[in-house]
Each structure stands twice: as structure tokens, then as C-alpha cells.
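Enquirer: Sharing a sequence plus its predicted fold:
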Amino acid sequence: MNTLYMPLFRSCTNLRSLAQLHAHLLVTGLHRDPLPSTKLIESYAQMGSFQSSNLVFKSFPTPDSFMWGVLIKCSVWSYFFQEAIFLYHTMINNSQVRISNFIFPSVLRACSCLGDLGTGGAVHGTIIKNGFEKDSVIQTSLLCMYSEMGCLSFVKQVFDEMLIRDLVSWSSIILSYVENGKASEGLEMFRLMVLEGIRPDSVTMLSVAEACGELGCFKLARLVHGYIVRREIECDGSLANSLLAMYSKCCDLASAERIFANVTNRSTELWTAMISSYNRNGGFMEALKSFVDMLDAGVEPNSVTMMSVLGSYVGLGLLREGKSVHCYIIRKQMDPEYDVLGSVLVELYMKCGKLNYCENILHIVGGRNIVPWNMLISACADKGLLTEALVHFVQMQTRGLKPDSFSLASSLSACADGGLLQFGDQIHGHIIKRGLSDEFVRNSLIDMYSKCGLTELAYMIFDEIKAKSVVTWNSMICGFSQNGNSIEAIRLFDQMYLKSLEMNDVSFLCVLQACSILGYLEKGKWLHHKLLTYGVRTNLYIDTALTDMYAKCGDLRTAQRVFDSMSERSVVSWSVMIAGYGAHGRINAAISVFNQMVESGVRPNQVTFMNILSACSHAGSVEDGKSYFNSMRDFGVEPNSEHYACMVDLLSRGGDLNEAYRIINSMSFPADASIWSALLNGCRIHHRMDMIKTIEKDLVDINTDDTGYYTLLSNIYAEEGNWREFGKVRSLMKGIGLQKVPGYSIIELDKRVYRFGVGDTSLLQTDESLSLLENFQNLSEEHVCNFENKNSVIDSVIISKEVYSQQQVGNCT
């Protein structure tokens, strides 16, 4: 009899009519029947009144497992995931209720939405305990839960245990791989599915098309599109959108445009996909034109469309037009709480330097959405607004938002760039406390500690990571290289190579930098060879690093050959070549490269002028140096302390100390220790103690931790016999806690590298070095070695075994 009331539930279109039906059930006493009460629970939830559903459930004396299952399902519908899990635990602890398979898909969905892997695993255990592990619906739900939590090994295990794999299960596992960044594995599962004779539908092909797009393989994309056409799979709106996005990710806008043109009834989603495709390929103006065409066609945009449109203005950096679109969004009341558009609006205003606009948006967002906060923190860190980035990181937490991996990584990046070790340590403590140390965060910690000079701590974190990605290896290699520990950087790279691990262009960049610092020419050549054999695509950065490495290792001919082969050259590439020639005294070649650079339309920057001035200083070319220094402002480059130091050094070495002193006095900012050191060195070379007397009052105010400055000053006093002043300077060094840094040299013999330092009495190195020197003597009757290069013969170098023996190799420096 109670089934007669079922059609009445379908006729209820609002809460009022449903409440009337509920009242009738109460009057007639049918509310005691589980079937109408269960339907009542479901109907209230469908109309958005889960509280009423809960009241109906609580008023029922003995709910059965089906009613429990419906209430749990309704709580998930209403996004009350914690409530769903609480109901589940209450139900299984009730011995009077028989557990049915009906409840588990909803509970697993709640665990997935909460990201609660622990509860999800416990539910999985209950499923096995009650013998429901072979249920196909539950197995598919398990697939989805583990997939959304990124547990692909569990996904594969559940899938392999399935006795019957239908289209839904195959589509689920393909989607799992694709959504977790394993596009190749997803396509492999698609291949196996086809081999098993399962015919895919449009839903399956959505994931396949997305996988092809992620791989960016044009040929594969064409094959998949051809398969869809050949199998006559219905290319509905969603699949057309996916194919369009697939071609745009493969940089084939022409094919994307053809798909768009072939669709007659273009939905909002299709227009949005086309606008996004243009943005993805840098066609921001075309994207905006498509938006105008969309409005002209009478198609209403949604918040996702506006996200793409705002993205176009971000790419173009157009503030005024972006604000107009923002006004359009407000007028249309598309996203009043900025739940969707908050992040892209923050990105737009930060791109245009309007931090106060971003803060206004975050004031509206409050503590509801972490994404706009993350965007602002990241943008501030990228723009060098490090304090602002960390302030917003703290403010975000005061609003009740817990930092996620992205927030933590961006904040650690700000700490790294600013050398803010104390704040970085606090963030590290927060990470440990919350257990958020995923790969993304750990890589950021390695980078932060490396940039703060604590490579030991960085390596400890690196060593604790079991499954290291190529990004992790690169972070540690770069950390060692940037901190002067180039030998360790090369050692790590060698480990990657010996373990046959994945290496990319960044891996080679970092280790090439290390070889440049150490002058490891043979290792650099080996790396160049591996670059070619590994098939790593050379680019501007790789070619520039190779040029720099060969130049610093003295192989200028190969450096020039690599430089000439570059399809494009940045200001960095030109500067590297100039520096290479300058460091080896090839002033004419350095000037020639500088002139070629200017003629090609590339404007020199501060580094370029530093390199050409250094070249002039090495060669003693005073007039050329003056000319380049005076021309800096013509190129819009303001000389900094390094340029002044180089110019003072050039003039001082040339004996024009008065002009060097005049330049120091003409500076718009106080001269630092490097500039005064350059002048002092000139005074030492030309024995101008009178000049030192003149500048003594200026030297008193210098406060630096540069040991070279104090060492030079003390040596000048020692050479003049002024032991009193010598003692003062050395006492000052001791009081500050500075010690003279010993010099060292590096030599490469038979593919082995040796380092010789002042006072180094390593028996192995001393014996081998003396043996080498003896061999040099045997090669020349007069103990003279003539070194000849392409342009000139360098002056003879007399090698005396006795001198080297007395100095114990230490003075090789």
C-alpha cells in the first residue's frame, strides 16, 4: 500500500509541497514504514534540506541498513563528508544493523573528498572483512578513491583483482593514470583495453585525448582522432572540447580551429576551450577576438570563460582593459565571492603592479579559498617582494587557512631569495609538525638551505628522500655548484649517470657551471658529448653554458665555434664570449665581439660592460677602458660599484692614480672596499706612499669583511717597513674574526684533478708535482718552456726545481 505514495514524491517540486506530503504521512501513520521514510530522507536532501533529512532519520525507531545508506549518501550529496564518515562509524558499531554493500560507495566518496587515506584504507579493510571486495561497484569506487589520493599502486592492485573488467572500470583506471600525471601509462591501459575487445565510448576517449595533449605528441593526437572517426564514436560537446584542447597542447592550432569550425551548435564550453587554446599558444589577441565573436553570437560566458579572458589580459599586461572585464564580471554577478576568479584577478593585478587591488580581492575571499592567497604569495616572491610574500603567508593563516604544499614552497622560495634562514627554519618546523613533506616541499627546502649556504642541511633532506625525481637531483647539484662545492656537484651528476637516471637540460646546465668554475675541460667535453648522445635538445641556455665552460677552460676556439652555431643569442651569450676573450688577454677579440653585439641590435647590460672593462684591465688598455666606461649611459646603463672598481683598477695599474682618485671622488655613492682596494693596489705597484697618506682618512671609515682588502693594506705597510701600521691592520682583522684566505691552484693531469694550496704538504701531491716538474726540465736543456698560441708566443717561463722544492709546492699559486 505504501508504494502508492511513491509517485507523490516525484510530484513535489519544492519544500512546501514536500512538507505537506510529510504531514500527510504523519497523519496516516505511514511515517513508521521504512520505505516512505527513506524516500522522505532522500527527497529532503535533494531539495537542499539535509537537516530535515537528519530529523526524519532520527525520529525513525529502527532504521535498517538501507536507510542508513541513503542518509550517508545524502550527506555526501550535501558535502557533509565528516558527517557521512561519522554516520558510517555509528552504523558499523550498531550490532542490530546488518552491513550491506550499498553504503560503501558513498563512504569511499566521502573519504576521497576529505583526502583521508587512513579512513579510506580502514573502510577498504571492512569491505574485505565482510566479503564485498568482489563487488564491481565497490571496486570502481575504490579505484576512484585511491586515484584521487594519488595512490596509483593501490589503484593498480584493485584493478588487477577485478574478475570482470567492464568499460567503466577500464575508463576509471585510464583516468586515474592521466589525472596523476602518468599519461603514457594511461595510454598503455587504453591499448590493453582495446586488445581485450572492450569498445571505448566518448567518456573513455576524453581521458585518452587528455593524455595525448599532456604528452604533446602530434602524431599520437592524429592517431587518436582518427580512431574516434573510424570507430564512429559520437563526438559530442565534451569530446569536441577535449580534442580541441589536445591539438592546442600539441601546438597545432590549425587542427583545433578546424574542429571548432566543424561544430555547428557551439556551446559556452567550446568557445571557452577555443579561447584557452589561443592563450596556451601565446595568441592573446586572437583569444580576445574569439571572446568578442562569442558575445556577438549570443552565447553567454561563464566564470571559466572569464578566467580565460582575464588570462589573455595577464599575458598582454593590459591593466585598463582587464579592469573593464572585472567590471563586466561584477555587473553580471558571475563570481561575487571570487571563488573561481580570485586567483586570476590577483595574477592580473600583480602583473600590473597593483598590490593594493590584490589585497582588496583577498579581503573578500577571506578564509574560504586558499588558491588566491597562494597566487599572491607566489607572485610577490617572483617579483622580489619577499617581505610582502611572507606577510601574506602569515595573514593567510590568521584567516584560518592552513598552508598547503604550494603555499609552503612559495614561502620557502621567498626565504631562499632573501637569505631569511630563521624564517625558513620556522617554516621547516611547521612542515615537520604537519607532515607535509611531499616532493614539492622537500625540493623547496633543499633550494632554501642551499641558497642560505647550508648545503649540509640541504644534503640531509636530499639523502632522506627515497624516490628522487630529476628535479630533486637538479636542486641538490645546483645547490652544491652555487656554493662553490663544484666537486660534489659533479660527483652527484656522475651518480645520476651511473644509475641511468633521467637527466634533462637543467641537469647538464648545473654540472656545466661546476666544470666552468673548476676549469675541468675534459669533463666538460665529455658532458658536451653526452648532451648529443642523450638527445637533450640544445637551447639558448645550454649553448651559453657550453660557451662559458669552454671559454673559462681556455679552449677559446671551441667556445667561438659553439657561439657561432647558436641560432639565437641573448645578451648573456654575448657577455660570456666577451668575458672569455677578456680573461685570456684577447682584448681585440673581446672588442670585436662587443661591436658585433651592438651591430646585431642587442643592447649591452651591466654585466656586458663589466666584462669589457675587465678585458681592458687585463690587457692594460686604458684608453679603450675609458671609452667604454664613458659610453655606458648612452646605452641606459648606470655604472655601479663594480664598474667603478674595474675602472679604478685599470687606471691604477696604468699609473694614473690621480685620475683614479678623481673618479672615486666623483661617485654619487660612497666607495666600498673593492674600489679602495683597486686604488691601494695601484699605490703598491707604483710605490706611491704619498697617495696612501692622502687617502688614509678615507680608509678609516671602511667597514668590510673582505679579507683581501685588509691583507693588501697590511702587505703595503710591511713592504714599506711600517710595522706599526702593519700590526694595527692585522690586529683589526683578528678582532673582527677574519683570517687570511689561502690561495690555491687546480691542475688537470691524465683526467685527474689536483688542488694545490699554500702550505699544502700532501705527500702524494708533492711527489707527483715534483716528478712532473722534473719531466719539464728534462724536456728542455735550459729549463725553458715556450708556450705558443694562435696569435703570439708567450714569454719564456723559467722553471726551477729548487724553488719548488723549498716552497713545498705551496707557492704554485
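Expert: Perfect, I can see it now. Numbering: from 1, shown residues only.

Enquirer: who's in contact with Met496?
Expert: Met496 makes contacts with 473, 503, 507, as judged by Cβ atoms under 8 Å, 6 or more residues apart in numbering. (Each C-beta comes from the backbone N, C-alpha and C, glycine too.)

Enquirer: sorry, that was for Cys74
Expert: Contacts of Cys74 by Cβ under 8 Å, 6+ apart are 41-42, 44-46, 50, 53.

Enquirer: Of all the residues in the host helix or strand of it, which ones are buried?
Expert: Using DSSP states H and E, Cys74 maps to helix 65-77. Using 16 or more other Cβ atoms under 10 Å as the test for burial, helix 65-77 gives 65, 67-77.

Enquirer: Make JSON lines out of these and add distance to Gly120 and pLDDT.
Expert: Output for the buried residues of helix 65-77, formatted as JSON lines (distance: Cβ to Cβ, whole Å; pLDDT from 0 to 100):
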{"residue": "Ser65", "distance to Gly120": "21", "pLDDT": "87"}
{"residue": "Met67", "distance to Gly120": "24", "pLDDT": "90"}
{"residue": "Trp68", "distance to Gly120": "19", "pLDDT": "91"}
{"residue": "Gly69", "distance to Gly120": "18", "pLDDT": "90"}
{"residue": "Val70", "distance to Gly120": "21", "pLDDT": "91"}
{"residue": "Leu71", "distance to Gly120": "20", "pLDDT": "91"}
{"residue": "Ile72", "distance to Gly120": "15", "pLDDT": "92"}
{"residue": "Lys73", "distance to Gly120": "17", "pLDDT": "92"}
{"residue": "Cys74", "distance to Gly120": "20", "pLDDT": "92"}
{"residue": "Ser75", "distance to Gly120": "16", "pLDDT": "92"}
{"residue": "Val76", "distance to Gly120": "14", "pLDDT": "91"}
{"residue": "Trp77", "distance to Gly120": "19", "pLDDT": "89"}
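
Enquirer: In three-state terms, label Arg165 for me.
Expert: The assignment at Arg165 comes out as coil when based on DSSP: H, G, I helix; E, B strand; the rest coil.

Enquirer: so who does it touch?
Expert: Going by Cβ under 8 Å, 6+ apart, the list of residues near Arg165 reads 159, 196, 198.

Enquirer: Buried subset of those, written for PyMOL?
Expert: Filtering the contacts of Arg165 down to the buried ones (16+ other Cβ under 10 Å) takes a single PyMOL command:
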select buried, resi 159+198
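
Enquirer: Residues touching stretch 254-263, excluding its own?
Expert: Under Cβ under 8 Å, 6+ apart, the answer for stretch 254-263 is 221, 225, 237, 240, 243-245, 247-248, 266, 270, 273-274, 277.

Enquirer: let's see it at 7 Å
Expert: For stretch 254-263, contacts defined as Cβ atoms under 7 Å, 6 or more residues apart in numbering pick out 240, 243-244, 247-248, 270, 274, 277.

Enquirer: Tell me the most packed of those, by neighbour count.
Expert: Met274 (29 neighbours; other Cβ atoms under 10 Å).

Enquirer: how about the helix or strand where that residue lies: buried residues?
Expert: Taking DSSP H and E as the criterion, Met274 maps to helix 268-280. Of the residues in helix 268-280, 269-280 count as buried by neighbour count, 16+ other Cβ under 10 Å.

Enquirer: what does stretch 477-494 give?
Expert: 477-483, 485-490, 492-493.

Enquirer: which one of the contacts of Arg165 sits closest to Trp526?
Expert: Phe159 (44.2 Å; Cβ to Cβ).

Enquirer: Give me the pLDDT value at that closest one.
Expert: Confidence at Phe159, expressed as pLDDT, is 91.

Enquirer: hang on, isn't it packed against Ile174?
Expert: No - if you go by Cβ atoms under 7 Å, Phe159 and Ile174 don't touch, sitting 10.3 Å apart.

Enquirer: what about Met334, distance to Leu345?
Expert: Between Met334 and Leu345 the distance, using Cβ to Cβ, to the nearest Å, works out to 12 Å.

Enquirer: Tell me which of those two has more neighbours.
Expert: Taking neighbours as other Cβ under 10 Å, Met334 and Leu345 compare with Leu345 leading, 27 against 17.

Enquirer: Just the mean pLDDT for stretch 629-645, thanks.
Expert: Stretch 629-645 comes out at a mean pLDDT of 91.

Enquirer: Buried residues of that stretch, list them for me.
Expert: 629, 632, 637, 639, 642-645.
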